[in-house]
Structure formats: structure tokens, C-alpha cells
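Asker: Mind folding the following:
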Amino acid sequence: SGRRPYPRSMTAARPVRLRREAWGFAIGSVFFAVGAVPFYADAVGEWWRPVPWGEPWVIPHPEYEWASCSPDALAGDNLIVELKTQHWRAMAQWGPSGTDLVPDSYNAQCQWLLCCTRREAAHVLVAFGEDQADGAFDISETRAYEIRSDAKLQQTLLEVGERFTREFVRTGLPPPVRPK
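Answerer: So this is what the prediction gives:
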């Protein structure tokens with residue numbers, strides 16, 4: 001695809017302190033603060049387009065009218081970018097930077113995004129840190145991951161989503177407290 005090799009590490013030069021009210025739901029500014037946009041562009045060879053803040057950012061699935069997604073950003077023709085913040089204690093649940101070793105829930109999210117957008121890979125950028133009493137989020141480490149499209153898992157997600165939509169959304173019945 002002409003992309004440069006995916007970066008093996010992404011580390012802030014020094015710990016970064018951010019005020020939560022400065023970024024609210026716009027997690028992307030965490031990575032602007034540590035220089036991820038230029039880092040990403042230099043390492044991967046393309047700039048990414050962040051979510052247009054304040055506008056709806058929903059991409060419908062091309063075949064299923066009930067399925068859609070909201071990726072954090074798009075890069076090039078075949079990539080999505082997801083930005084995450086995690087408490088530093090969660091670092092053990094994540095693999096080394098440059099791998100695809102992410103918690104199952106994040107892999108499932110990325111597969112859903114890839115399924116709906118028909119893209120090949122998701123780049124997941126994670127800032128590990130800790131909330132402070134003054135409202136700041138201190139970032140102690142950053143890591144980058146690449147999740148490749150998994151057609152089998154995506155098909156399973158579509159089947160479960162279709163069944164949920166058919167049995168509960170369209171009927172108006174609440175789902176059971178315990179799954180079947």
C-alpha cells in the first residue's frame with residue numbers, strides 16, 4: 001500500500017499534563033499535546049483527519065441499515081485511527097507498542113469500525129496516565145497498535161447485532177438481564 005512501516009514505539013518526550021475541561025470528549029487533543037499527529041504522519045506517511053468536533057460523525061454500514069460507527073479519525077483510504085486514554089494500572093492489559101495485542105473489547109470495537117467503514121486496519125493510539133485532584137490528566141506513557149481487519153470476527157459481530165436488532169430493537173422488548 002506504499003505506507004512506511006508501522007512505528008514500534010510512540011513515547012512522549014516528557015510527562016504531559018492536560019486539563020480535562022480543555023479536551024472533554026475530544027480525546028484527540030491529548031495526542032495533539034504530545035505531538036502524535038506529526039509523529040503519526042511521519043511514521044505512517046500520511047496525515048489523519050480527526051473527527052469534526054461538534055458535528056455528527058456517523059458512518060453507515062454499506063449493506064446493513066441498522067449498523068453504523070463513529071471512528072475517532074480516518075487516515076488515507078484504508079485506515080481508521082482510534083484514540084484512547086487509560087489509567088496507568090491498565091498497561092498490563094495491553095501488549096507492547098507496535099503489536100496488535102489490545103484488550104478484547106478494544107479489538108471488537110476496532111473490528112466493528114473496520115466492518116462498517118470497509119477499511120483494512122485500525123491504528124490505536126493509547127495514552128496511559130492518571131487523573132489528578134486538580135482535574136488534570138498526567139500522561140506517563142503512550143503506545144501505538146495496529147489492528148488488521150478480521151472478516152470472521154466481523155461476520156460474528158454482524159450476526160449478533162442483527163439478532164439483537166431483530167429481537168429487541170424492532171420489537172421494543174428489553175433484552176434479558178442475563179444473556180442467552
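Asker: Against which helices or strands is the top strand by length along the chain packed?
Answerer: Counting residues, the longest strand found in the chain (DSSP state E) is strand 136-148. Judged by 3 or more CB pairs under 8 Å, 6 or more residues apart in numbering; DSSP states H and E, the packing partners of strand 136-148 are strand 16-19, helix 28-33, helix 104-117, strand 121-131. Where you see a C-beta, it was placed from the backbone N, CA and C, and this is true even at glycine.
Asker: now for whatever helix or strand comes next after it, which elements pack on it?
Answerer: For strand 136-148, the following helix or strand on the C-terminal side (DSSP states H and E) is helix 151-164. Applying 3+ CB pairs under 8 Å, 6+ apart, one finds that helix 151-164 makes contact with helix 104-117.
Asker: And the helix it packs on, what does it pack against?
Answerer: Using 3+ CB pairs under 8 Å, 6+ apart as the contact criterion, the elements in contact with helix 104-117 are strand 59-60, strand 68-69, strand 79-87, strand 121-131, strand 136-148, helix 151-164.
Asker: Who is residue 128 paired with across the strands?
Answerer: Beta-bridge pairing of residue 128 under DSSP bridges involves residue 86, residue 141.
Asker: State the pLDDT value of it.
Answerer: We have a pLDDT of 88 for residue 128.
Asker: was I right about it contacting residue 84?
Answerer: No: using CB atoms under 8 Å, residue 128 makes no contact with residue 84, being 9.2 Å away.
Asker: circling back to that earlier point, residues of the longest strand of the chain that come out buried?
Answerer: 136-137, 139, 141-147 (16 or more other CB atoms under 10 Å).
Asker: okay if I get these as a markdown table plus distance to residue 109 and pLDDT?
Answerer: Shown next, in a markdown table, are those (distance: CB to CB, whole Å; pLDDT from 0 to 100):
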| residue | distance to residue 109 | pLDDT |
| --- | --- | --- |
| 136 | 27 | 75 |
| 137 | 21 | 74 |
| 139 | 21 | 80 |
| 141 | 21 | 85 |
| 142 | 19 | 84 |
| 143 | 16 | 87 |
| 144 | 16 | 88 |
| 145 | 12 | 93 |
| 146 | 15 | 93 |
| 147 | 9 | 97 |
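Asker: from the residues you listed, which single one is nearest residue 176?
Answerer: Closest approach between the buried residues of strand 136-148 and residue 176, by CB to CB: residue 147, at 30.7 Å.
Asker: Run through the bridge partners of that closest one.
Answerer: On DSSP bridges, the residues paired with residue 147 through beta bridges are residue 122.
Asker: how close does it sit to residue 171?
Answerer: Applying CB to CB, to the nearest Å, the value for residue 147 to residue 171 is 34 Å.
Asker: cool, residue 126 as well?
Answerer: With distances taken as CB to CB, residue 126 is found 38 Å from residue 171.
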